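Peer 1: Provide a 3D model corresponding to the input given below.
(one chain, ligands or ions: 1)
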Amino acid sequence: MKNLKLPFDKSKIEEIIKTYPTPFHIYDEAAIRENAKNFYQAFSWMKDFKNYFAVKACPNPYILKILKEEGMGVDCSSLAELVMSEKVGFKGEEIMFSSNDTAYKEFKKAYELGAIINLDDITHINILEKTAGIPEIICFRYNPGPLREYKGNVMIGHPEDAKYGLTKEQLFEAYKIMKEKGVKRFGLHTMVATNETDRNAFVETAKMLFELVVEISKEVGIRFEFVNLGGGVGIPYRPEQGPIDLDFVSKEIEKLYQELVVKNGLAPLKIVLECGRVITGPYGYLVTTAIHTKDTYKKYIGVDACMANLMRPGMYGAYHHETVLGKEDAPQTETYDVVGSLCENNDKFAIDRKLPKIEIGDIIVIHDTGAHGYSMGFNYNGKLRSAELLLKPDGFVEHIRRAETLDDYFATLDFSKI
Ligand SMILES: *Cc1c(COP(=O)(O)O)cnc(C)c1O
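Peer 2: Okay, the predicted model is just below:
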């Protein structure tokens with residue numbers, strides 16, 4: 001079962017709101033650190049195991065710094081993410097660059113930082129060589145297409161429909177080319193799932209990559225230094241769901257490692273991940289205030305946050321649990337749509353949700369916004385991005401990003417010329 005307990009109560013949030021009005025995202029540092037330690041513990045048999053935190057999940061330098069202190073690297077996919085990681089102090093191979101449809105200047109920056117470059121397409125070999133150079137270590141992203149028996153979920157779709165990665169045939173060719181160019185250090189990457197809660201999916205991914213490492217090593221005559229199983233470990237968004245059993249995943253991967261890697265003389269082979277969601281997702285909350293109640297064909301609760309602060313429900317129909325502060329134990333007598341103010345009817349945080357009776361001024365906490373929450377924000381309808389706050393282990397609240405103002409919104413316009 002999902003842990004529904006909040007790291008704050010109503011009076012704490014009321015005190016915070018005096019300084020930082022709603023809406024805002026607040027992250028629980030103690031829980032992020034504890035989770036990071038447990039995550040590493042689950043994979044402790046793997047020598048030099050590393051999770052490269054997917055920056056896009058929660059691109060705030062304060063959060064990245066915490067994860068750095070917990071031993072994580074970063075997985076970047078754009079120039080801004082590379083620059084942010086550099087500013088936080090990530091260096092060289094602590095950075096994985098897994099981009100697609102990549103702009104040349106991004107390759108250049110990744111190369112200059114000494115990041116591990118994970119190429120998404122065979123044509124990028126030439127582009128990388130021309131715009132930056134051939135790095136000491138190279139990785140390719142594999143897309144198994146129809147060869148993958150395990151089918152993905154709606155967000156990433158079936159591998160054969162996904163725009164990412166190289167085909168199996170291209171992969172052999174790509175490593176051959178890189179070998180000829182003098183590269184001696186190699187990695188292999190795939191990412192075929194997102195928000196996947198089936199523990200067997202990750203075991204299946206490890207098997208697929210280990211088998212491929214065996215095949216490519218033999219045929220191309222190279223030695224692999226690591227496999228990157230990607231991110232995509234899911235979290236329990238719904239109350240009846242539980243977290244994925246990472247100990248099981250880890251133990252099953254260990255068996256496969258013995259069978260496929262060790263027995264074929266390919267050890268040591270580092271195993272790394274680039275998870276975002278499972279690292280910070282459950283430890284962030286969007287705090288919003290009810291500003292409107294409406295009773296027409298349905299009952300609506302209008303809040304001061306909108307889809308611009310959290311896109312997942314509108315975009316994927318994703319469930320995010322909601323708690324009405326101070327009414328945790330009140331009977332759920334009402335059925336509401338909890339909505340934002342965008343002129344878009346999918347701007348709904350909850351549809352037909354059973355909740356206690358809500359009054360204007362009630363504070364609603366939307367759970368699991370610590371990954372792919374703030375970061376997916378946008379400015380449609382002139383909505384401004386919210387503040388981000390960090391709840392420190394001692395209860396102090398740090399302002400880790402201020403809310404946007406109208407001046408920020410207008411900053412790229414020059415009204416004097418109209
Ligand atoms: C988004 C992404 C991740 C992180 O995915 P999560 O679901 O947050 O774990 C990792 N790697 C790549 C290449 C991605 O695009």
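Peer 1: Spell out the residue ranges of the helices in the stretch 201-350 of the chain.
Peer 2: For the stretch 201-350 of the chain, the helices defined by DSSP state H, counting those that start in this stretch cover 246-256, 277-280, 312-316.
Peer 1: can I get the ones you listed in JSON lines with mean neighbour count, mean pLDDT and distance to the ligand?
Peer 2: C-beta: built from backbone N, CA, C; applies to glycine. Putting the helices of the stretch 201-350 of the chain into JSON lines (neighbours: other CB atoms under 10 Å; pLDDT from 0 to 100; distance: least, CB to the nearest ligand atom, whole Å) gives the following:
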{"stretch": "helix 246-256", "mean neighbour count": "17", "mean pLDDT": "98", "distance to the ligand": "13"}
{"stretch": "helix 277-280", "mean neighbour count": "26", "mean pLDDT": "98", "distance to the ligand": "4"}
{"stretch": "helix 312-316", "mean neighbour count": "17", "mean pLDDT": "96", "distance to the ligand": "12"}
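Peer 1: From the recorded domain assignment, give the ranges for the protein.
Peer 2: 43-275, 282-410 (automatic domain parsing).
Peer 1: any weak-confidence spans in the stretch 151-300 of the chain?
Peer 2: 151-157 (pLDDT under 70).
Peer 1: The ligand contacts on that one?
Peer 2: Proximity of the stretch 151-300 of the chain to the ligand (CB under 6 Å from any ligand atom) is limited to residues 191, 194-195, 230-233, 274-277.
Peer 1: Tell me which two in these are the farthest apart.
Peer 2: Greatest spacing in those, by CB to CB: N195 and E274 (14.3 Å).
Peer 1: nearest spatial neighbour of the closest residue to the ligand within the stretch 1-150 of the chain, skipping sequence neighbours?
Peer 2: The nearest approach of the stretch 1-150 of the chain to the ligand comes at A54, 3.3 Å away (CB to the nearest ligand atom). Spatial nearest neighbour of A54, excluding adjacent residues (CB to CB, 6 or more residues apart in numbering): G276 at 3.2 Å.
Peer 1: Might one say that that neighbour is in contact with F53?
Peer 2: Yes. If you go by CB atoms under 8 Å, G276 and F53 touch, sitting 6.1 Å apart.
Peer 1: More neighbours: the two, which one.
Peer 2: Comparing G276 with F53 by other CB atoms under 10 Å, the one with more neighbours is F53, at 31 against 27.
Peer 1: What about the nearest residue to N381 once chain neighbours are set aside, how many residues nearby?
Peer 2: Nearest in space to N381, with sequence neighbours left out and distances taken as CB to CB, 6+ apart, is L342 at 5.1 Å. L342 is flanked by 17 other residues according to other CB under 10 Å.
Peer 1: Could you measure from L342 over to F378?
Peer 2: To F378, L342 is 10 Å away according to CB to CB, to the nearest Å.
Peer 1: what's the answer for D161, then?
Peer 2: Per CB to CB, D161 is found 25 Å from F378.
Peer 1: Between these two, point out the one with more neighbours.
Peer 2: Using other CB under 10 Å as the criterion, D161 and F378 rank with F378 on top: 12 against 9.
Peer 1: wait, is that one part of a strand?
Peer 2: No. Counting by DSSP: H, G, I helix; E, B strand; the rest coil, F378 is not found in a strand; it is coil.
Peer 1: check contacts around it.
Peer 2: 308, 311 (CB atoms under 8 Å, 6 or more residues apart in numbering).
Peer 1: before we move on, back to that, for N35, find the nearest of the domains of the chain.
Peer 2: Between those, domain 282-410 lies closest to N35; by CB to CB that is 6.7 Å.
Peer 1: May I have the distance across that closest one, first residue to last?
Peer 2: With CA to CA, to the nearest Å applied, domain 282-410 spans 33 Å between its terminal residues.
Peer 1: Quick one: distance of it to the chain centre.
Peer 2: 19 Å (CA atoms, centre = their mean, to the nearest Å).
Peer 1: mind checking how far E180 is from the ligand?
Peer 2: E180 sits 27 Å away from the ligand, going by CB to the nearest ligand atom, to the nearest Å.
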